[in-house]
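> what follows is a predicted structure for the sequence shown.
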Amino acid sequence: MDLIASLTINGLATGMLIFLLAAGLTLIFGLMSVLNFAHGGLFIWGAYTGVWIYSMSESFFLAIITAIITGLVLGLITERLIIRPVYGNHIQQILITLGFMIVLQELIKVVFGPDIKAVNAPAWLAGNFQVGEITLIKYRLFIIAVGLLVFFTIYLILKKTRIGLIVRAGVMNREMVQTLGINIRFVFMAVFMVGAALAALSGILHAPYSGSIYAEMGLEFSILAFIVVVIGGMGSFTGSLFAALLVGLAQAYMAYYFPALSLAVNMLIMVVVLVFRPQGLFKVKG
Amino acid sequence: MSSLLKLSQVEAHIGQFHILHDISFEVPKGEVTVLLGRNGAGKTTTLRTIMGLNPVYRGSITYNGEQITNLKPHLIANKGIGYVPEDQGVFEDLTVGENLRVAMKREDESTTERLEWILELFPDLKKFWKKPSGQLSGGQKQMLAIARAYVNENDLLLIDEPSKGLAPIVVEKVMETILQMKEKTTIVLVEQNFMMASKIGDQFYIIDDGQTVHNGLMGELREDKALMKKYLGVS
């Protein structure tokens, strides 16, 4: 029982980290049809700036705020300077965002040094809870709680507010939204910034979870996020949550029961989804 | 009567294709101007160009005496121009109510009055208020598209083939509605259904191969069988 609970909590925590990264990616793709391979760069910058502030202030809360602000600023710069000139051209988007990803990754080494940095969870999030026979790791529960909070906040914004309706309408028909008097470019920019902030938040949350950070982890994690976006349905916010949890859980269980298959399981799920439901688990109608 | 919208020698491309060669017409305030012509003549491109969805290559478009040539679509819409595209453009995952809420620039008394008026004309929209618009029939989607363009206080509506693909009884309903809207707003209508166009329209322009080739009053066109046959294939 303890093992199952531990694997499940572990899988859900990993899933939530991937979800935070994938949520921005799916909204950016769905609304703007932009393939942003630099998304992982925003993840590492969130992690590094957050950890830097954390090491100086010893406040993990401040670290999270710093990561989010870093994400918003980098999101603004990326959208304005990198993405805007290549709207509508997927090939150029892939090339320029991959290039920018490498720039962001190398800049991390220049600014923060090339070494792996060890990170511990703050004291108030360290240790375990004991519920009967089950041991629950506090930090993992914290990640799950933050992930759920982000999901429900964005879900409510998307479902209940006019700005949310505009974003959803923009995912379905950008042109029509403009003819209703809405500045879709501004909406694009705002969504891009929020997506970047979520990636950065994922980065700082990931730091104490894995215990260390390094410049290359952005690319590794963004591959998982792309897999999640494909499985969940490109442009589907809810789809990205389900797919991320599925990937997280599959990875956690496979790593324990079939370690040899743990790396392949995500690809396997994606292939199955692409064969039987190419539009993803949650299709967004266009 | 003063003109609300004026196109002067407008040329436009779609990709590498030169679609509009010389489009010139004026839309008087308070009237329905019908753009007629065969399939592929450039009628839809003309409306899209007015809305800023296709760039103007040469020529000018003025609205209320103000240049709107090559303005961004949202700026053109905010000057008081509503657009109902050929494919209706409803947001299929959103409910009927949400589609209208996205369109509503304000939620004030005047907008509420207009919404209530249009819902009285199209009771189906009220009935299916919480239903995803993707589940509506073709006619209901058309009603939603028209309601969405009308719900704001627009001075001009551009309506592209509202009868396309609809059953005759639904066409009647749409026609009745446009006739009622005509009393409150100026309309530019693209329509292949000549019966409908002739009942609603006050004046017409015929577009052929990307050029405006004829214009006049709708009553005159009904009498000119040779012109109708030459450009519209109606005998």
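Alright, I've got the coordinates. Numbers count the residues shown, from 1 in each chain, chains lettered A, B, ... in the order given.

> where does chain A dip in pLDDT?
Within chain A, the stretches with pLDDT under 70 are A:1, A:284-286.

> residues from it in reach of chain B?
Within chain A, the residues that sit near chain B (Cβ under 8 Å from any Cβ of the partner chain) are A:162, A:165-166, A:168-169, A:172-173, A:175-185, A:284-285. Yep, even glycine has a C-beta here, placed from its N, CA and C like the rest.

> make a PyMOL selection of the buried ones in those.
Buried residues among these (16 or more other Cβ atoms under 10 Å in any protein chain shown), as a PyMOL selection:
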select buried, chain A and resi 165+166+168+169+172+173+176+177+178+179+180+181+182+183+184+284
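
> next one: the lowest-mean-pLDDT helix or strand in chain B to chain centre, how far?
Least confident element among the helices and strands of chain B, by mean pLDDT, DSSP states H and E: helix B:225-227 (a mean of 79). The chain centroid and the centroid of helix B:225-227 are separated by 25 Å under Cα atoms, centre = their mean, to the nearest Å.

> flag every buried residue along it.
So, applying 16+ other Cβ under 10 Å, buried residues of helix B:225-227: residue B:227.

> quick check on the most centrally placed residue in chain B: phi, psi?
The centre of chain B sits closest to residue B:159, judged by Cα atoms, centre = their mean, with a distance of 1.4 Å. Phi and psi for residue B:159, reported as degrees, to the nearest 10, are phi -120, psi 120.

> show me the residues of chain A next to chain B that map onto strands.
Residues of the residues of chain A next to chain B located in strands (DSSP state E): none.

> from the residues of chain A next to chain B, which land in helices?
Residues of the residues of chain A next to chain B located in helices (DSSP state H): A:162, A:165-166, A:168-169, A:172, A:175-179, A:184-185.

> which pair of these spans the longest distance?
A:162 and A:175 (19.0 Å; Cβ to Cβ).

> helix/strand/coil for residue B:40?
In three-state terms, and counting by DSSP: H, G, I helix; E, B strand; the rest coil, residue B:40 is coil.

> what about it, how many neighbours?
Residue B:40 has 11 neighbours, counted by other Cβ atoms under 10 Å in any protein chain shown.

> now swap in residue B:181 and tell me
Residue B:181: 21 neighbours (other Cβ under 10 Å).

> again, but for residue B:54
20.

> against residue B:207, how distant is it?
Separation of residue B:54 from residue B:207 (Cβ to Cβ, to the nearest Å): 15 Å.

> what does residue B:143 give?
As judged by Cβ to Cβ, residue B:143 and residue B:207 stand 27 Å apart.

> so if I had to pick from the two, which one is more boxed in?
Using other Cβ under 10 Å as the criterion, residue B:143 and residue B:207 rank with residue B:143 on top: 28 against 23.

> give me the element the closest residue to chain B within the stretch 1-150 of chain A is part of.
In the stretch 1-150 of chain A, the residue that lies nearest chain B is residue A:30 (11.1 Å; Cβ to the nearest Cβ). Using DSSP states H and E, residue A:30 falls within helix A:2-32.

> got the angle between the next helix or strand after that helix and helix A:2-32?
Using DSSP H and E, the next helix or strand after helix A:2-32 towards the C-terminus is helix A:39-57. Relative orientation of helix A:39-57 versus helix A:2-32 (axes from the mean of the first three to the mean of the last three Cα atoms, to 10 degrees): 120 degrees.

> in the helix or strand following helix A:39-57, what's buried?
Note on helix A:39-57: by DSSP H and E, the next helix or strand toward the C-terminus is helix A:60-77. Under the neighbour-count criterion of 16+ other Cβ under 10 Å, helix A:60-77 has A:60, A:63-64, A:66-75 buried.
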